[in-house]
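A.B. asks: Pasted the sequence and its predicted model underneath.
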Amino acid sequence: MKDKILNILKKQKDQWVSGEDICRRLNVSRTAVWKHIRTLKQQGYEIETQPRRGYRLITVPDLLYPQEIAEGLKTKFIGKKIIHRYRVDSTNDAAKELARNGAKEGTLVITEQQTSGKGRLGRRWHSAYGKDILMSVILRPEINPAEIPQVSMMSAVAAARAVEHTCQLEPGIKWPNDLLVEGRKLSGILVEMGAEIDRVKYVVLGIGINVNSTSSDWPDDIKHKTTSIHQVKGTAVSRLKLLQNLLEELEQLYEIWQKQGFQPILELWRQLCVSKNCPARVDTIRKSYTGWIDGVNENGELLLRLDDGKIIPFSSGDVSLRL
């Protein structure tokens, strides 16, 4: 009911809508309307109220509420179920719990701030309240665990395309899934799964994009290697529009991957890769290697050419570009 009242006010934004008119349209009491209006105000919607005139919507808060995301979202299943939290330890942890309890494919967990956000290799993902995109999506592809890295690379392409489409920036991808702008990290992706030996039961895809945060929001130790869309463009951008484009790009690429395999995704990824023929160090759990990045193979593994000419493939590891 609250969303229906909000839709009425949005259609006549900046115009007065009488309480009597809302009651008649929705067949509810004035008391019910007033209670829902009060809830909307508590959520940050600026609604003016006057006796005998009714209600008038003035501004919509810059928060990623489900009703705002759903309005105009052109997807078939991703984002049809949205869980919004003002703050959460980790959207991936929240999504994993939902997935284990049978949540449908496409369920989206979105938050305004993560208090214990996770990046790859156990790193922490820092976020400022209400400024960035911090989300996780539940997917249920029919794949084996060895194919999980393909999800990571597919997601990086979706994020890069969404940023370009929405913000007119052209981020590059550093293997496997970091988005870079001007050599600094704009976005990170963390893919986790629940699986048996030969079958993936669910995938939780976590994506963090620095949208409107700035250097003052980041710890000193990462300021030199971090950036945001606001930092690059010098102005704030719509998180909502970027998020909607991201979900649409993600669904489109996911369906291509499911129907046509990894090859079309890999070709798109290669076009966005910024690290080919670049000197780099790859840190694994046991050892570090230095050499030149020679691209990726057909499975998406990183190929590092050592000084002696030997090429080593990596399916995981931390890559530092020596630009």
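C.D. replies: Nice, I can see it.
A.B. asks: all helices of the stretch 151-300 of the chain, in order?
C.D. replies: 229-233, 239-260, 263-272 (DSSP state H, counting those that start in this stretch).
A.B. asks: Let me see the contact set for Pro176.
C.D. replies: If you count contacts by Cβ atoms under 8 Å, 6 or more residues apart in numbering, Pro176 has them with 149, 152-153, 156, 300, 302. Heads up, the C-betas are built off the backbone N, CA and C, glycines and all.
A.B. asks: With Ala195 instead?
C.D. replies: By Cβ under 8 Å, 6+ apart, the contact list for Ala195 reads 145, 201.
A.B. asks: Could you measure from it over to Gly44?
C.D. replies: Taking Cβ to Cβ, to the nearest Å as the measure, Ala195 and Gly44 are separated by 40 Å.
A.B. asks: swap in Leu250?
C.D. replies: Distance, Leu250 to Gly44, using Cβ to Cβ: 27 Å.
A.B. asks: between those two, who's got more neighbours?
C.D. replies: Set side by side, Leu250 and Gly44 show unequal neighbour counts under other Cβ atoms under 10 Å, the larger going to Leu250 at 26 against 13.
A.B. asks: close enough to count as contact, that one and Ala158?
C.D. replies: Yes: the pair Leu250 / Ala158 is scored as a contact, 4.2 Å apart, by Cβ atoms under 8 Å.
A.B. asks: where's the residue with the largest distance to the centre of the chain, which helix or strand?
C.D. replies: Largest separation from the mean C-alpha position in the chain: Arg52, at 43.8 Å (Cα atoms, centre = their mean). Using DSSP states H and E, no element contains Arg52; it sits outside every helix and strand.
A.B. asks: quick one: contacts for it?
C.D. replies: When contacts are counted by Cβ under 8 Å, 6+ apart, Arg52 touches no other residue.
A.B. asks: quick one: which of the contacts of Pro176 is nearest Val17?
C.D. replies: Sorting those by distance to Val17 puts Ala156 at the head of the list, at 44.3 Å, by Cβ to Cβ.
A.B. asks: To what extent is that closest one buried, counted in neighbours?
C.D. replies: Number of residues near Ala156 (other Cβ under 10 Å) recorded here: 28.
A.B. asks: cool, Ile110 as well?
C.D. replies: Here the count is done by other Cβ under 10 Å, and Ile110 has 24 residues near it.
A.B. asks: Per-residue pLDDT of the most centrally placed residue in the chain, please?
C.D. replies: For the chain, the residue nearest the mean C-alpha position is Ile207 (3.9 Å; Cα atoms, centre = their mean). Note on Ile207: pLDDT of 97.
A.B. asks: can you list the weak-confidence ranges in the stretch 51-200 of the chain?
C.D. replies: 117-125 (pLDDT under 70).
A.B. asks: ok so, going back, tell me which of the helices of the stretch 151-300 of the chain sits nearest to Asn144.
C.D. replies: With respect to Asn144, and counting by Cβ to Cβ, the nearest of the helices of the stretch 151-300 of the chain is helix 239-260 at 14.1 Å.
A.B. asks: Return the residues in contact with Ile58.
C.D. replies: 14, 46-48.
A.B. asks: Could I have the ChimeraX command that selects the buried members from the residues you listed?
C.D. replies: Buried members of the contacts of Ile58, identified by 16 or more other Cβ atoms under 10 Å, are gathered into one ChimeraX selection as follows:
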select :47
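A.B. asks: wait, which of the contacts of Ile58 is closest to Val296?
C.D. replies: Glu46 (49.3 Å).
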